[in-house]
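> Predicted model follows, preceded by the sequence.
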Amino acid sequence: MKMRISTKMFIGYVLLIVLPFLFFFIFLYIQLNDKLLTQYQQANQKNLEQIAGNAESTLGKIESLQTIYQNNAALIDYLQDTNMEDRDMIYYYLRDISPAFSFATLAESSVQFVAIYPKLQQRLLNLPGFLPYEELDGKLTASEMSALRPLKGLWKPTLDEKGIRLNYFQKIYSDLYTTDLGMLEIVVYPAFLDNVLNQILDNHSETTLLMLDENGKLIGKPVGATISSADVLTLEQELSRQTTSAFDLQRGELLVNRIELSRLGLTIVEVAQRKVVFDLLQVKLLWVAAGLIMLGILSVLYYLIVASLTKRVIKLSRHMRKVDLDTLDSPYTGAAGSDEIGDMITSYNAMILRMDELVNKVQNVELLKREAEFRMLQAQIQPHFLYNTLETIRMLARSGRGQVVADMALALGNMLRYSLSSKSDAIFREEYEHVCSYMKIHQIRMKDLQLYLDVDESILSIPCPRFILQPLVENSILHGLSRKRGSGSISLSMKHEENGLRIEVTDNGAGIEHERLIILQQLLASGTTIEGRLEPKGLGIGLGNVAARVRAYYGPGTAVLINSKPGAETTVSLKLMLEDGSYAKADDCG
């Protein structure tokens, strides 16, 4: 079913833009009640996971600071209580140990300070960074101390008036990890966890945040929008039963997300109220309504613009459907306009007028030219060739070589009879015999000229255009062998190949220069006329005419190829395509 272009554009706009737009928002509206809460919680959960991941990464960097002290040779020597003079100890402390304490706070801004509790060494405890080992009793329990192993530390959150303080403990060992030399403590600012909570509130300021310890008990006070103490107790009980990270309470009135900080043993819980989500939804629905109104306005404007553009295109299309060879002189008379469509209409009118000129004038001239070329090809036995042949016959007759004269006259007569025939095409047998007559005359005149034939007999009954072989052989003699001293030879091969025939004419003449050969190959491949561009005068219709006629006769896939080695040989190949073997079945030329 045919359809106008304006209709197609309108339908395309509706199908590709309007309907998807409407279906999307209708689907969104239908799904809001069921999936909005889930999507909101999923988005919250991803946000919590990202923030927790960043916090865990920072904690991991803090833990890695332990390697600075474990690999500090001066510090290990000091903790091992080696017999070192106090002045030497002070020297190594200032050079190697004190910079290590300073580096920790510079490398990670969350670190408040670093302390080391020597277990064996009691000297220099008054220097910054060292504290008595006994002070650990109020910070770590015996079970926590025994749980510490090489390369394994312990984070211990503690609550004070400034908030939740984080302390990281890890033992320092001798070089071979055989002796416990002391304890490393890294103290993190309370603002670290505050920053984590503030990042969450930056995205959802209307939510409430709670921090729970590893036993599920609330640490400190809720942050953000407050919830009741009863809700906190209910939340603590529900968290112990729930296995998922996101769930709801009080029949969906409270939306809960949680994330664990595994290194600290803490859980951050985010609680949002359902009504807050739907308050946001109402704002979004207003935007949806505004979008639909805007879509309607744009749709009307789009249709008006399209209609104004396609009106001229439709009229031009109607005119183009009426144009044929008899009406090329009738250009489009409608309004063109000054835009691109107007340029197209103007170019179209100029094109059909030019086509009319070509059809009625240039085509006729081309037909006359082709006819003249073919007539010239039929009569291309050159006067010099005829004169030389007759002169050779006269000289042979005077020398009493009657049989040679008879053979030469017979060959010349066969050539004249074939050239003067009015038939437009032939079969390869006639072409082959014409070439043999032509070569026989040259062999009588040129004693050292050899002709080698390799012809498949089944090819000789296939139809072909007239005069496609003799010009190739003539080129070999005139432009190949005539420029080379010594004996010459020409080979003619006619063979079947896949889907067609291959005919090759090869001479051992002077060959073709490389630059000239490249140009000739390009002209043959592009189908450009060769005569007058490359071939020397006196060649006649020649190779270009043969190439044009075999392409027209045998159709696509037909090719004329030429290869040459300067000073050695030249080969011209005709690759002729036979469709379904139809030509091979012919018995004659018609």
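Right, received. Where do you want to start?
> what are the bridge partners for the residue lying closest to residue 512 once chain neighbours are set aside, then?
In space, residue 512 comes closest to residue 564 once its chain neighbours are excluded; the distance is 4.1 Å by CB to CB, 6 or more residues apart in numbering. Glycine gets a C-beta too; all of them are placed from N, C-alpha and C. For residue 564, the beta-bridge partners are residue 570 (DSSP bridges).
> Next up, the contacts around residue 564.
Shown in contact with residue 564 (CB atoms under 8 Å, 6 or more residues apart in numbering): 511-512, 517, 570-571.
> How about stretch 231-245, which residues are buried there?
Judged by neighbour count (16 or more other CB atoms under 10 Å), stretch 231-245 contains these buried residues: 231-232, 235-236, 239, 245.
> Would you format these as JSON lines with distance to residue 507 and secondary structure included?
Compiled in JSON lines, the buried residues of stretch 231-245 are given as follows (distance: CB to CB, whole Å; DSSP: H, G, I helix; E, B strand; the rest coil):
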{"residue": "231", "distance to residue 507": "106", "secondary structure": "helix"}
{"residue": "232", "distance to residue 507": "106", "secondary structure": "helix"}
{"residue": "235", "distance to residue 507": "102", "secondary structure": "helix"}
{"residue": "236", "distance to residue 507": "105", "secondary structure": "helix"}
{"residue": "239", "distance to residue 507": "99", "secondary structure": "helix"}
{"residue": "245", "distance to residue 507": "89", "secondary structure": "coil"}
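> Find the residue closest to residue 415 in space, skipping its chain neighbours.
Residue 415's closest residue in space is residue 437 (CB to CB, 6+ apart), at 5.0 Å.
> That neighbour: what's it in contact with?
Counted by CB under 8 Å, 6+ apart, residue 437 has contacts 411-412, 414-415, 418.
> with these in mind, which one is nearest to residue 316?
residue 418 (54.6 Å; CB to CB).
> Not counting sequence-adjacent ones, nearest residue to that closest one?
residue 434 (4.8 Å).
> Determine whether the claim that residue 267 is in a helix is correct.
No - under DSSP: H, G, I helix; E, B strand; the rest coil, residue 267 falls outside any helix and is assigned strand.
> Return the set of residues that bridge with it.
Counting by DSSP bridges, the residues bridging with residue 267 are residue 212, residue 260.
> wait, it sits on residue 261?
Yes - between residue 267 and residue 261 there is a contact at 7.4 Å, judged by CB atoms under 8 Å.
> circling back: quick check: the residue nearest to residue 512 vs residue 513, distance?
From residue 564 across to residue 513, the span is 9 Å (CB to CB, to the nearest Å).
> for residue 220, same thing?
Residue 220 sits at a distance of 96 Å from residue 513 (criterion: CB to CB).
> what do you get for residue 556?
31 Å.
> related to what we said a few turns ago, if you look at the contacts of residue 437, which of them are in strands?
Among those, no member is found in strands (DSSP state E).
> I'd like to know which of the residues you listed is nearest to residue 489.
Closest to residue 489, out of all of the contacts of residue 437 and judged by CB to CB, is residue 411, at 19.2 Å.
> Starting from the helix or strand bottoming out on mean pLDDT in the chain, tell me the next helix or strand along the chain.
Between all helices and strands in the chain, the lowest mean by mean pLDDT, DSSP states H and E belongs to helix 363-378, at a mean of 54. The first helix or strand that comes after helix 363-378 along the chain, using DSSP states H and E, is helix 383-398.
> So what's the gap between that following helix and the chain middle?
Centroid separation for helix 383-398 versus its chain: 70 Å, with CA atoms, centre = their mean, to the nearest Å.
> Show me the contact partners of it.
With CB under 8 Å, 6+ apart, helix 383-398 has contacts from 404-405, 408-409, 412, 441, 444-445.
> which one of the buried residues of stretch 231-245 sits closest to residue 135?
Nearest member of these to residue 135, counting by CB to CB, is residue 236, at 33.9 Å.
> circling back to that earlier point, make a PyMOL selection of the buried ones in the contacts of residue 437.
A single PyMOL command selects the buried members of the contacts of residue 437 (16+ other CB under 10 Å):
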select buried, resi 411+412+414+415+418
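> The contacts of residue 437 in helices, which ones?
Under the assignment DSSP state H, the contacts of residue 437 contribute 411-412, 414-415, 418 to helices.
> quick revisit: what about the residue nearest to residue 418, helix or strand, and which?
helix 428-445.
> May I have that helix as CSV, with CA atoms only?
Below are the C-alpha coordinates for helix 428-445, written out as CSV (Å, rounded to 0.1, in the frame of the first residue of the first chain):
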residue,chain,number,x,y,z
PHE,A,428,34.8,-18.3,-32.9
ARG,A,429,35.6,-20.7,-35.8
GLU,A,430,35.3,-17.8,-38.2
GLU,A,431,37.4,-15.5,-36.0
TYR,A,432,39.9,-18.2,-35.6
GLU,A,433,40.2,-18.9,-39.4
HIS,A,434,40.4,-15.1,-40.1
VAL,A,435,43.4,-14.9,-37.7
CYS,A,436,45.0,-17.9,-39.3
SER,A,437,44.7,-16.3,-42.7
TYR,A,438,46.2,-13.1,-41.4
MET,A,439,49.1,-14.9,-39.8
LYS,A,440,49.7,-17.0,-42.8
ILE,A,441,50.3,-13.9,-44.9
HIS,A,442,52.7,-12.5,-42.3
GLN,A,443,54.6,-15.8,-42.0
ILE,A,444,55.2,-15.9,-45.8
ARG,A,445,56.6,-12.3,-45.6
